[in-house]
Structure formats: C-alpha cells, structure tokens
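Participant: When you get a sec, could you give me coordinates for this:
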Amino acid sequence: MLYLLYFLISFCISLILVPLVKWVGIKQKIYDYPKGRKIHTTPTLLLGGLAIFGAFFLSLGVYLTFGHADWSLIPKRVFAGLFAGGVILMVGGYLDDKYNLPAKILWIFPALASLLAVAAGIGGGIKEISNPFGPAINLDYGFSFLFIKLSLSSVFVFMWLLGMIFTTKFLDGLDGLCSGIALIGGLTMFALSLLPHINQPITASLSIIFCGSIFGFLLYNFHPATVFLGESGSTFLGFVLGVLSVVLGGKIATALLVMGIPILDVAWSITRRIWYGRSPFAADRLHLHHRLLDIGFSQRQTVGFLWFLSAFFGFTAVFLQTFGKLIALLALFGVMVFVALFAVIIYKRQHPHIRDLFEKS
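Facilitator: Now for the predicted structure:
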C-alpha cells in the first residue's frame, strides 16, 4: 500500500505540473516546429521533462522525509548526486529547447551530469561484473589519470550513465515512445527490488516514484501528444534509469534487456553517421521507429510494438540468472536484426528507386 501511495503522489504531482510547464512553454514560445525529419504536423510544446523532474524530486522529498529509508543501502550523497545531475540536464535541456544549441556541444551536459553522479558515489559499490563464462570481472582497480585518482568502477559507471542518457535522447522520436519505455524500465527495476534475494525497499520506492512521475506525463504525451519531453526530459529519463540499475546492485544486464532495442539502434545510428563523415550526435530519420513508420505502421502501432518488445525482454530478465540473461540478450540482438532487415526489405520493395537506404535522411 505504501508503494501505491508513493506512485499516486508522484502521479498526481506530475499531472499538476505538466499544465504549469505547458504554460511556461507558451509564455516562452518554446515549441518543436514540424520541419525536416520531424513527423508531427503542428507546433508542439517542449519542456515536458521539467514536469517529470519536479514530480520525481518533490515525491522523493516526501518519501525521504516521512518514509523509512535505509541509509545503509544508499547513502544520502547518492541522492545529492542524482539531484545535481538532474539539475544539469534540466539547464542544458532548457537551453537547447529554447535556443536550439548545436549538436557538437550537447554532450557537455550529459557528461557533467554523469560526472557529478560518479563523484557523489553512485556506483562506488560495484566491484565486479558477473561473467557467465567464468569468474566475475574485477572492477576494483585504481589508477591515476592527470594526477586524479580513478577506479575502473567509476569509469565504467560514467560510461554506462552517458550511454543510457544518449539512448533515451535518440529514442525520443515518436509520441510516447521514450516515456513509455522508460516507464517499463522503472517497473522492471521495481519488480527486481521486491525479489526475496534482493529485497531493497528504498530502490523499490525510488523506482515506483519514477514510474508515477512518468505516467502522469505520459497521459499528455501519448499520440497525439500535446507536449514533448524536450532535451531535458529525454536525457533525464536515461540518467535516472542508469542510476537505478547501478544502485540496485549493478543490474546492468536487466537494463540492457529493457533498453536493448534502443541501445542497438543508437549504436547502429552512431556507427552509420561516423561512416558517412557526419557528427555522431546529428539527428536523422533512419532510426528503427522511423523505418517502421516508412513501411506503413502508424505511430501508435510502432510505439505499441516497441513497448511490447521492451516489456517482454525486461520482465523476462527479472526471473533470469546471469547465463539466462546472456541468452536473452543474444535473442534480443537477433530480434533487432530481423526487424531492421524486415523493415529495410519491405521499404525497398515499396520504393525501388531508393538506392542507398543507409544514407537517406
């Protein structure tokens, strides 16, 4: 019942904050205009991430004040790092939504947010990574870089958070897609936290508060959306998911299964852009969800299909051990390849005049 209460608190706050954020967006004239690769047909308000951020931390404040947080599992400085990183992403997101910053500098805010999280001790307890083929991979190794003492664990967590941030950033291309998959990720982390051999009420509370904050926003964001996540929201969702997977005890494989399709899509997109001499952060219309739209899927069908894949592999991972998760990851890779090839082949048959499907933007 307490988890339901935390969910309802964050959900209601989010429902209230979204109209307030929309009002700010109208006053500031911060819209995403339909042009180029974008598929929406009317100017749509941005800044939706501010509502999720506000609902999450206001609800978290209620929990930390009146709940029974076990500080032995998650030190207070971790919450400070989570908040500080979130603020950095909100500032960077607002500036991009307002002034349309160049892609080549947008990596700075995610990098700073991830750095602050690591400096606050997020991931400091990860000493090793499970290895299905033998002994665990040791991360408890320190070294110096430019007179700064670092550990392999901190570098790994920094790269992980940065990767999750850019995954959700690039995923935000259809109404409700990014927010829906982040909600599935939060529910997966919640379910994991309740398992008897994990039993972490504090991470369960964090996860369910995160879910409530997203769900309140999703009611405004599902097609046809009246407000978008914006840069702040799309990066913040990946940041929180990355942090949750780390503080939950390094459940990296589980997060990979939830976000597997988007992660593989982002990896392919970055590789393709570099191959063609473009910035890896430049936007285009060649993501998997765009491919599905191109062959005739509606927005809702595309979003629903990708939600299903994320939910299936994510909730399956809750009950799998290390080797089982490896098999699931390989299966997920196979599904990604099959869906991508299917979309490309169908599109080629529908548009035989298109010669280079990978360069089209």
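Participant: in what helix or strand does the closest residue to Leu112 other than its chain neighbours lie?
Facilitator: In this structure, Leu112 finds its nearest non-sequential neighbour in Ile88, 5.0 Å apart by C-beta to C-beta, 6 or more residues apart in numbering. C-betas here are computed from N, CA, C, even on glycine. Using DSSP states H and E, Ile88 sits within helix 76-99.
Participant: Could you give the separation of the helix or strand just after that helix from the chain centroid?
Facilitator: Using DSSP H and E, the helix or strand that follows helix 76-99 towards the C-terminus is helix 108-119. Its chain's C-alpha centre and that of helix 108-119 lie 15 Å apart, by C-alpha atoms, centre = their mean, to the nearest Å.
Participant: can you state the direction angle for helix 108-119 and helix 76-99?
Facilitator: 180 degrees (axes from the mean of the first three to the mean of the last three C-alpha atoms, to 10 degrees).
Participant: So the residue nearest to Leu112 is in contact with Leu116, correct?
Facilitator: Yes: shown here, Ile88 and Leu116 form a contact pair, counting by C-beta atoms under 8 Å, at 6.6 Å.
Participant: Pick out whichever of those two has more residues nearby.
Facilitator: Neighbour count, other C-beta atoms under 10 Å: between Ile88 and Leu116, Ile88 has more, with 24 against 20.
Participant: The more buried one: what's it in contact with?
Facilitator: Phe109, Leu112, Ala113, Leu116 (C-beta atoms under 8 Å, 6 or more residues apart in numbering).
Participant: Now, of those residues, which are buried?
Facilitator: Among these, those classed as buried by 16 or more other C-beta atoms under 10 Å are Phe109, Leu112, Ala113, Leu116.
Participant: which one of those is nearest Ile208?
Facilitator: Ala113 (22.8 Å; C-beta to C-beta).
Participant: How about the most centrally placed residue in the chain: what's its closest non-neighbour residue?
Facilitator: Centroid-nearest residue in the chain, with C-alpha atoms, centre = their mean: Gly238, separated by 2.6 Å. Of all residues not flanking Gly238 in the chain, Thr168 sits nearest, at 3.3 Å (C-beta to C-beta, 6+ apart).
Participant: ok, the one you found - how many residues close by?
Facilitator: Neighbours of Thr168 (other C-beta under 10 Å): 29.
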